[in-house]
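K.L.:
What would the 3D arrangement of this be:
(4 chains, ligands or ions: 4)
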Amino acid sequence: MRSTMAGHDPRQAEFLGQEDFVQLVTPAGERIPSPGFDPWVADVTDEQLASLYEDLSVVRRIDIEATALQRQGELGLWPPLLGQEAAQIGSARALRSDDFVFTSYRENAVAYCRGVKITDLLRVWRGTSHGGWNPYDVGMAVPAVVIGAQTLHATGYALGCAKDGVDSVAVAYFGDGATSQGDVNEAMVFAATFKAPVVFFCQNNQWAISEPVTLQAKAHISERAPGFGIPSLRVDGNDVLAVMAATRVALDRARNGDGPTFIEAVTYRMGPHTTSDDPTRYRDRDELEQWAAKDPISRLGALLDSKGLLTDELTARVKARADEVARELRAGCLALTAPDPLTIFDNVYATPHRGLDRQRSQYAAYLAMFDGGAE
Amino acid sequence: MRSTMAGHDPRQAEFLGQEDFVQLVTPAGERIPSPGFDPWVADVTDEQLASLYEDLSVVRRIDIEATALQRQGELGLWPPLLGQEAAQIGSARALRSDDFVFTSYRENAVAYCRGVKITDLLRVWRGTSHGGWNPYDVGMAVPAVVIGAQTLHATGYALGCAKDGVDSVAVAYFGDGATSQGDVNEAMVFAATFKAPVVFFCQNNQWAISEPVTLQAKAHISERAPGFGIPSLRVDGNDVLAVMAATRVALDRARNGDGPTFIEAVTYRMGPHTTSDDPTRYRDRDELEQWAAKDPISRLGALLDSKGLLTDELTARVKARADEVARELRAGCLALTAPDPLTIFDNVYATPHRGLDRQRSQYAAYLAMFDGGAE
Amino acid sequence: MSVTTSQLTLAKAITSGLRHALADDNRVLLMGEDIGALGGVFRVTDGLQKEFGADRVMDMPLAESAIIGTAIGLAFRGFRPVVEIQFDGFIYPGFDQIVAQLAKMRYRTGGAVSMPITIRVPYGGGIGAVEHHSESPEAYFAHTAGLRVVTCSTPQEAHVLIRQAIACDDPVLFFEPKRRYWTKGEVTEEIADAIPLESARVVRDGTDVTLVTYGPLVATALDAAAAAASDGVSIEVIDLRSLAPIDFPTVEASVRKTGRLVVSHEAQLSGGLGAEIAAGVTERCFNWLEAAPARVTGFDVPYPPGSLEEHFLPGLDRILDAVDRVLGRPNSLTGWTE
Amino acid sequence: MSVTTSQLTLAKAITSGLRHALADDNRVLLMGEDIGALGGVFRVTDGLQKEFGADRVMDMPLAESAIIGTAIGLAFRGFRPVVEIQFDGFIYPGFDQIVAQLAKMRYRTGGAVSMPITIRVPYGGGIGAVEHHSESPEAYFAHTAGLRVVTCSTPQEAHVLIRQAIACDDPVLFFEPKRRYWTKGEVTEEIADAIPLESARVVRDGTDVTLVTYGPLVATALDAAAAAASDGVSIEVIDLRSLAPIDFPTVEASVRKTGRLVVSHEAQLSGGLGAEIAAGVTERCFNWLEAAPARVTGFDVPYPPGSLEEHFLPGLDRILDAVDRVLGRPNSLTGWTE
Ligand SMILES: Cc1ncc(C[n+]2csc(CCOP(=O)(O)OP(=O)(O)O)c2C)c(N)n1
Ligand SMILES: Cc1ncc(C[n+]2csc(CCOP(=O)(O)OP(=O)(O)O)c2C)c(N)n1
Ligand SMILES: [Mg+2]
Ligand SMILES: [Mg+2]
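P.N.:
Ligands and ions are numbered 1, 2, ... in the order given. All right, here's what the predicted structure looks like:
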């Protein structure tokens, strides 16, 4: 039966009712009690709160700097996460290093938390690589661009964890638009059937390019999963603490053999879909302003302030770190140059391939023609 | 909120709870009252009940005769519907002639109700055609063999009905196994978004070849739809009256602009998946016996008997009709011969096609070589 | 009715073709992701939802299989859907509905049910895009019986062909060369005298070598022909337009004249259309051929990252290198051994 | 370890190959529909779930995209999944996961992530089946960079090739000629001395014509060669085995000897592998060819109903007709004009 989780052990509860979502910090920065979820963040120290604040601020700065780099022609494209920082940081900071994350293209803050090098974030967008990092180094696959496909990979990876008898968890990140894809629904079927230790983390940022979430779903997205036999949580995606609590609940269920959990993080894409997009064609300023009032960073700032933690020192430290990351990002970006032409033939196959090896050597011969200065 | 429909107007209710399904006639043939659904079959006369009994008996006879034809080498394959007669007859008899049905391969009783000629049922299985009839003649597409694909066609057709401003309804038939396919889930997304006048009619016959429904779904299948914003009904699929009532509720909603409805008809595949299958490899006799006790025909027979309607005359009439249909089926089958070889080139394109037209004339030249008696 | 002629980009020439189709036949519908208020990511449907209403120009949820599957259902009911796939690399989730349903429905129903569905696909590389946004999947569809496959190379052709495709009672995969969307040209909004959808077109006459290509590479081929001309080599350039079926008679006539064939496409070499064209021409013109047909194509690698795409894409130099090869002149493979 | 040799059907030769793979490497998993208790609709996995447990031989829910997608996730974690697709015509719902994910994952990750996944597909016609059960979709995959495509023609080859495919660190589409599942032959359960996965095999020596084929038609080709021999024509038959990449050196050596090429497959003509082989051979052997390579294939129609399939499938007579054509002897197209 549907019910809110308040007062229940959230690991057992099925899903939340229509109007509710888990919120621990109001947009004004007030910490409100939640018997069900408070225990899940009781260990978060003031220092850790400040650290989350730093994370949120740094990833926003990454976003701003990368957008600037795109405007300056240094990146081909950039998909801003502006507004979604809490959803990504709150969830990714709940993970262990042995967990494994499968994301879409907008999860730069998740990648940041996983330890992806700042410069590596840019390779795809500067056109020097289709990936950017070694997934095994950071426990995170490179971005999946085909919408929804990665949810199946996460489910399969989770099956593998169970087979290996480890309590690592796979996490699939995807958007509200993705929920319409067959793959995402099939992932829920498979995860439920095999009780896979996977967390489905949907950032409902209200838009899929120009299409509002109401085109994709006539019920709350969080209501989809229970019909597949998967408990779900709807959480205020702009409340970093609530997101962390919800993710911990889900991870805990997975680690304990209770199978998959679905989380809908309700948030908002404050920027364009990508730097190529023009949202003025399809959405109102009003909506933007309403959501600006729920900003995840100012919210946590207000909470810190109310606790006397938003000191000049913290502000300065955060700014210094953000500046440093921005500098690293810019310098790293400019240093990324096109790889050697013949690398287009690399890593297609693991083993020698007679057809491709021939094409490579023919193309090498072709390029050699120009070495004499012919062209 | 979840609730059983009893006492509610079923058009408004969302879906039924875990243990319940709509049942109007018990396996023993007792008519039990249902405030919600009785009104939907209040108009069914004794004569119509007898006619349903005839339908059930005739389609079972078709199944038996076709199975025999396969055993005798006259058909390549046959997918028996044994046990599912009530689910198919109860739903198909609720339709209007201007409704349009999209089915899978097992819906021979639906086709019978739509007016498909008996012989036409066999063309696919005798290998003389991929279809067998003109869909527009009977308001029913030819069978879709790729699991789940037809649910999208039904949804699109329903969108077309709405665009045309008519109150015809599209009905998609599919199995329990099909619910795992992306297409079926996407069909629910699209139907919900556009409030399409479509009925999703799932025959949960407990098996997808050798896979039990528990491999496909961890919750009741009927629980899936509400998460997509589609009300659903779970009905005793071996109770022809209950199936008819549920289908009428769904059709009425669709005709009134209330959008899609999902029906799970709980039934059982008493036979093999097809005549090629060997169910002894994967299921117990016990299960079969349990379900035999819920047989749809004996159930309706018992009800008729209790009303004094199962007269010798009726029994004789039904037998005569079944015999007649069986004769027609056999004679029709034997009369079906392989079409002209060059018809393999027909109906690939609507308009002349330079590549294929050339291949046809070349093949005609090739065949002509043998006409001289060469080979 | 007066005929409009104006300078349009290739994208806008398609827009105007769609506008005509919508105006001429109220069973025509546009379906796709972001094609309404946004006008599509390439703005090809810009303004059409406003003009024809959200009932005719429909934003669909994000699921290609369902977009194509529901289009099939609409065609069953007599509509004539025109589907936009946002980028080449996103057609694959709809592959089953295309090859197993759309392509086979007329055959399956013995001709009773027509599938006049056009699937528009911006395709090809050269725009520095991320993965899945630069692919050339036309060979998959050209190998699928029941489909027609068409592409275009100029604004005028784009305008005419999209209207012909929509008017055709067969399913048509319509590939739009996205890196040429911004190419401008004169467009006469008239299809009455157009050559058939199935026909190729000789876009430059020549006598020494036949260069067959289509879509985005037609412009490159014309550049190559111009460069070769200044070098004394006369190249006849053929724009295939129809990729299934292929207009072999037009190609054949040219090769019988030149004796030499170069085929070029962006798609990967192995199993690409270049193989079909080379094989088909060899079957028809064996005795006229002076050299083996040469193929200049993408390599058998996934489409590479943007900064390397120039090494994947056939350019003017690689085409001229192949021209040298069929002419027996020194070229990159001179002296090359396996 | 002693080597077993026995008479097995082609299906059972694969079963035994799978058994070896499961026994040799505990990261090998079998995944598919109805492969457990039922042993697959062709019984290829018969007994394996009992032997290796439901954790290694897994019945999956009915969704091909998810079966392949979860196999990819398992490969991410170091498993080596072997997927069974129930019939050729049911691979398309998984097409996106195969061509956009599986094929590209190594490239995407710069070599960091291997995808040692084998996808087994019973394919081809000749069993009188209903729609979608007789298709030959190999060309789609052979045109997809990042995949390997393999097929087999005898029990011995089937046994060895399935083991090699599973051992390969690249994704392999493994096409099993379903109408030959019941063909019996001697099988030695040993792969140590086997020729490489990439190599074609000359299965009958000859001097007049090279006949290239694969999978189900190898037996037909051998019958044709025997018939031709009694007519004084010596046909060299090559079983390709690997369809991507194609072993051109082996084919080339043969054509340089015979000067004539016939290629045959069940798949439709246009864009089929016959085009790639004809084009590739023409590129390599132009000066040796005495006639245009001929293709004997399925027609460009959807696979027809069972009672007509003999007219779609290349049979002995159509192959011999093409042999006559490349030899310049009277044949069905003598005097035929367009
Ligand atoms: C299969 C597929 N179809 C279409 C696209 C083009 N596309 C890229 S992003 C996007 C919208 C995704 O929306 P959502 O899932 O909500 O994620 P968000 O962008 O909001 O993070 C679309 C349609 C794609 N990448 N993949
Ligand atoms: C896409 C696809 N995959 C696999 C198959 C093979 N197949 C045919 S019937 C069947 C089981 C279908 O089960 P269900 O949907 O429950 O329908 P039922 O046969 O019980 O009526 C399978 C796997 C298919 N037809 N289509
Ligand atoms: Mg979104
Ligand atoms: Mg079933």
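K.L.:
how many other residues sit next to A:Asp323?
P.N.:
13 (other Cβ atoms under 10 Å in any protein chain shown). All C-beta atoms are positioned from the backbone trio N, CA, C, and that covers glycine.
K.L.:
repeat for A:Asp164
P.N.:
Burial measure for A:Asp164: 13 neighbouring residues, criterion other Cβ under 10 Å.
K.L.:
dump the residue contacts of it.
P.N.:
By Cβ atoms under 8 Å, 6 or more residues apart in numbering or on different chains, A:Asp164 lies in contact with D:Arg77.
K.L.:
Distance-wise, check it relative to ligand 4.
P.N.:
For A:Asp164, the distance to ligand 4 equals 33 Å [Cβ to the ion, to the nearest Å].
K.L.:
dump the residue contacts of the residue most central in space within chain A.
P.N.:
Nearest to the geometric centre of chain A sits A:Glu107, at 3.3 Å (Cα atoms, centre = their mean). Counting by Cβ under 8 Å, 6+ apart, A:Glu107 makes contact with A:81, A:88, A:101, A:143, A:173.
K.L.:
Relative to the whole chain's centre, how far out is stretch C:123-139?
P.N.:
13 Å (Cα atoms, centre = their mean, to the nearest Å).
K.L.:
Could you do stretch C:116-127 as well?
P.N.:
7 Å.
K.L.:
And it, what's buried?
P.N.:
Residues of stretch C:116-127 classed as buried by neighbour count (16 or more other Cβ atoms under 10 Å in any protein chain shown): C:116-126.
K.L.:
Got the phi and psi for the residue nearest the centre of chain C?
P.N.:
The centroid of chain C falls nearest to C:Thr151 when counting by Cα atoms, centre = their mean (2.2 Å). For C:Thr151, the backbone dihedrals (degrees, to the nearest 10) come out as phi -140, psi 170.
K.L.:
what's across from it in the sheet?
P.N.:
When assigned by DSSP bridges, C:Thr151 has beta-bridge partners C:Phe175.
K.L.:
for it, what are its contacts?
P.N.:
By Cβ under 8 Å, 6+ apart, the residues touching C:Thr151 are C:123, C:138, C:174-177, C:214-215, C:240-241, C:243.
K.L.:
Just to be sure, A:Phe200 is in a strand?
P.N.:
Yes - A:Phe200: assigned to a strand according to DSSP: H, G, I helix; E, B strand; the rest coil.
K.L.:
low pLDDT regions in the chain?
P.N.:
If you meant another chain, say so; for now it's chain A. Under the criterion pLDDT under 70, the flagged ranges of chain A are A:1-19, A:372-375.
K.L.:
Please refer instead to chain C.
P.N.:
Applying pLDDT under 70 to chain C flags the ranges C:1.
K.L.:
Which residue is it, in it, that comes closest to ligand 1?
P.N.:
Residue nearest to ligand 1 within chain C: C:Phe90 (3.6 Å; Cβ to the nearest ligand atom).
K.L.:
wait, that residue sits on A:Val146?
P.N.:
Yes - with contact defined as Cβ atoms under 8 Å, C:Phe90 reaches A:Val146; the gap is 6.6 Å.
K.L.:
List the residues that are in contact with both of those two.
P.N.:
When contacts are counted by Cβ under 8 Å, 6+ apart, C:Phe90 and A:Val146 have C:His132 as shared neighbours.
K.L.:
just to revisit the earlier point, how about the residue of chain C closest to ligand 1: what's its closest non-neighbour residue?
P.N.:
Distances taken as Cβ to Cβ, 6 or more residues apart in numbering or on different chains place C:Glu64 nearest to C:Phe90, at 6.0 Å, with adjacent residues excluded.
K.L.:
mind listing what that neighbour touches?
P.N.:
C:85, C:90-94.
K.L.:
Compare those residues and tell me which has the most neighbours.
P.N.:
C:Pro93 (30 neighbours).
K.L.:
who's in contact with it?
P.N.:
Residues counted as contacts of C:Pro93 (Cβ under 8 Å, 6+ apart) are A:146, A:181-183, B:182, C:63-65, D:65, D:96.
K.L.:
With A:Ala265 instead?
P.N.:
With contact taken as Cβ under 8 Å, 6+ apart, A:Ala265 is in contact with A:87, A:90-91, A:201-204, A:235-237, A:243, A:246.
K.L.:
thinking again about what came up before, can you add distance to D:Gly335 and secondary structure and give the contacts of C:Pro93 back as TSV?
P.N.:
Formatted as TSV, these follow (distance: Cβ to Cβ, whole Å; DSSP: H, G, I helix; E, B strand; the rest coil):
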residue	distance to D:Gly335	secondary structure
A:Val146	52	coil
A:Gln181	55	coil
A:Gly182	53	helix
A:Asp183	55	helix
B:Gly182	52	helix
C:Ala63	53	coil
C:Glu64	48	helix
C:Ser65	48	helix
D:Ser65	51	helix
D:Asp96	48	helix
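K.L.:
closest to ligand 4 among these?
P.N.:
B:Gly182 (17.6 Å; Cβ to the ion).
K.L.:
How many neighbouring residues does that closest one have?
P.N.:
Residues within reach of B:Gly182, counting by other Cβ under 10 Å, total 30.
K.L.:
Run the chain-centre distance for whichever helix or strand A:Ala66 is part of.
P.N.:
Using DSSP states H and E, A:Ala66 sits in helix A:46-71. Centroid separation between helix A:46-71 and its chain, computed with Cα atoms, centre = their mean, is 14 Å.
K.L.:
Same question for stretch A:192-211.
P.N.:
Here stretch A:192-211 is found 11 Å from its chain centre; the criterion is Cα atoms, centre = their mean.
K.L.:
likewise stretch C:207-226?
P.N.:
Between the mean C-alpha location of stretch C:207-226 and the chain-wide mean there is a distance of 15 Å, by Cα atoms, centre = their mean.
K.L.:
With stretch A:208-226 instead?
P.N.:
Remark: stretch A:208-226 is offset 18 Å from the chain centroid, using Cα atoms, centre = their mean.
K.L.:
Tell me if that stretch is near chain D.
P.N.:
No - interface with chain D: stretch A:208-226 contributes nothing (Cβ under 8 Å from any Cβ of the partner chain), its closest point being 15.6 Å away.
K.L.:
buried set for that stretch?
P.N.:
Neighbour-count burial for stretch A:208-226 [16+ other Cβ under 10 Å]: A:208-213, A:215-226.
K.L.:
and what of stretch A:244-254?
P.N.:
A:244-254.
K.L.:
Dump the residues you listed to TSV, plus secondary structure and distance to A:Tyr349.
P.N.:
Output for these, formatted as TSV (DSSP: H, G, I helix; E, B strand; the rest coil; distance: Cβ to Cβ, whole Å):
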residue	secondary structure	distance to A:Tyr349
A:Met244	helix	42
A:Ala245	helix	45
A:Ala246	helix	42
A:Thr247	helix	38
A:Arg248	helix	41
A:Val249	helix	43
A:Ala250	helix	38
A:Leu251	helix	37
A:Asp252	helix	41
A:Arg253	helix	40
A:Ala254	helix	35
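K.L.:
Tabulate the residues you listed in JSON lines, adding columns for distance to C:Thr297.
P.N.:
Output for the buried residues of stretch A:244-254, formatted as JSON lines (distance: Cβ to Cβ, whole Å):
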{"residue": "A:Met244", "distance to C:Thr297": "51"}
{"residue": "A:Ala245", "distance to C:Thr297": "54"}
{"residue": "A:Ala246", "distance to C:Thr297": "50"}
{"residue": "A:Thr247", "distance to C:Thr297": "47"}
{"residue": "A:Arg248", "distance to C:Thr297": "52"}
{"residue": "A:Val249", "distance to C:Thr297": "53"}
{"residue": "A:Ala250", "distance to C:Thr297": "48"}
{"residue": "A:Leu251", "distance to C:Thr297": "48"}
{"residue": "A:Asp252", "distance to C:Thr297": "53"}
{"residue": "A:Arg253", "distance to C:Thr297": "51"}
{"residue": "A:Ala254", "distance to C:Thr297": "47"}
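K.L.:
I am finished for the moment; much appreciated.
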